[in-house]
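Visitor: Kindly return the folded structure for what I paste below:
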Amino acid sequence: MQELLDELSRELGRGVSVDDVAGRVVAHSAQTDEVDPARVRAILTRRVPADVAAWQELHGVGTATGPVLVPANAELGFHERVGYPLRHQGVLVGYLWVLGGPPGADLAGRLPALAAQVPAGERSPVRVVVALEPRAVRTVAVGEPLPSLPGHVGVSDPHPPERAGEAYRQALAAAELARLDPALPDRVGFAELGAYRLLLGAAPEEVLAGLSEVQLRTLETYLDAGCDVRATAGRLHLHRTSLYYRLGRIAELTGRDLADGRVRLELHLALKMARLARRTWGSDASRPTDVPR
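Guide: Alright, predicted model coming up:
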């Protein structure tokens, strides 16, 4: 691998490197005159920083079938570069990175030899931790202690290492919301964001999982009634004791305290989003011809 990269670097006159799909730096050329701060961070830690991975993913690296030009990002210390997916026996195993714009040479013939030498590597899930003041990004394996960082800090859900970019976006959102919403603690996990998780794209099924149709109807009626037990029991034609039992089971199954206003908001929003997803006229293909656009 090293010889292949050094030879390619000499021919192109640029720095080149290979990362595996988990974001670990497999090898890099000896030529260092063009290495940017983002690549230096990756080389020193042997892992692509989560914020850099997110920038690369934003420009389609994760779904690319051919070369992808990723523009510069001064905030990340990231210079323009081209990424080439590396596939071995049809499986994506990593990426070849060439600093600078598209090279004049066709590198397709070089990729199979490089891909064959990318090790399988460790695939343990990771969490990303982001602090805002001062800005810091850390990636830690699940099960390892989280770093102690000052200020407002966000922690992602566990992700496969190849999705560190998505984990970074979760952690950054959590840190920013910790700063913006005084109801949240200074250090907050993405899983603790309540309704914000849904507004950021989480599926309502994640919140409502395990509830039966009867329990969903009971919960929605209770929340629609402003959590008035008497009104809810009347609408459902239930004795209050039966309603309390159902609400207790719902709390157990969801792991949430129904007396918490933020929990109520999260559950209510999830229920309405689930209803919204069942719309039948949501696409042009199903739109009646007499409905104005």
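
Visitor: Just give me the neighbour total for Gly194.
Guide: Neighbour count of Gly194, defined by other CB atoms under 10 Å: 24. (Each C-beta comes from the backbone N, C-alpha and C, glycine too.)

Visitor: Over to Gln56?
Guide: 25.

Visitor: Skipping adjacent residues, who's closest to it in space?
Guide: The shortest distance from Gln56 to any non-neighbouring residue, by CB to CB, 6 or more residues apart in numbering, is to Val70 (5.5 Å).

Visitor: which ones are touching the one you found?
Guide: Val70 makes contacts with Trp55, Gln56, His59, Val61, Phe78, Glu80, Arg81, Val82, Gly83, as judged by CB atoms under 8 Å, 6 or more residues apart in numbering.

Visitor: and the helix or strand containing Leu253, what does it pack onto?
Guide: Assigned by DSSP states H and E, Leu253 falls within helix 240-254. Using 3 or more CB pairs under 8 Å, 6 or more residues apart in numbering; DSSP states H and E, the elements in contact with helix 240-254 are helix 213-224, helix 229-236.

Visitor: Can you say which of those helices is nearest to Leu243?
Guide: helix 229-236 (4.8 Å; CB to CB).

Visitor: now what about the closest one, what contacts it?
Guide: By CB under 8 Å, 6+ apart, helix 229-236 touches Arg217, Thr218, Thr221, Tyr222, Ala225, Leu238, His239, Arg240, Ser242, Leu243, Tyr244.

Visitor: Pull out the buried positions in it.
Guide: For helix 229-236, a neighbour-count test (16 or more other CB atoms under 10 Å) marks Thr232, Ala233, Leu236 as buried.

Visitor: What's the separation between the last one and Tyr222?
Guide: According to CB to CB, to the nearest Å, Leu236 stands 9 Å off from Tyr222.

Visitor: Which neighbours do these two have in common?
Guide: Leu243.

Visitor: what sits against the closest residue to Gly101 other than its chain neighbours?
Guide: Excluding the flanking residues, the one nearest Gly101 by CB to CB, 6+ apart is Glu80, at 6.0 Å. Glu80 makes contact with Leu69, Val70, Pro71, Ala72, Leu99, Gly100, Gly101, according to CB under 8 Å, 6+ apart.

Visitor: So what does Glu80 look like in phi/psi?
Guide: phi -50, psi 140 (degrees, to the nearest 10).
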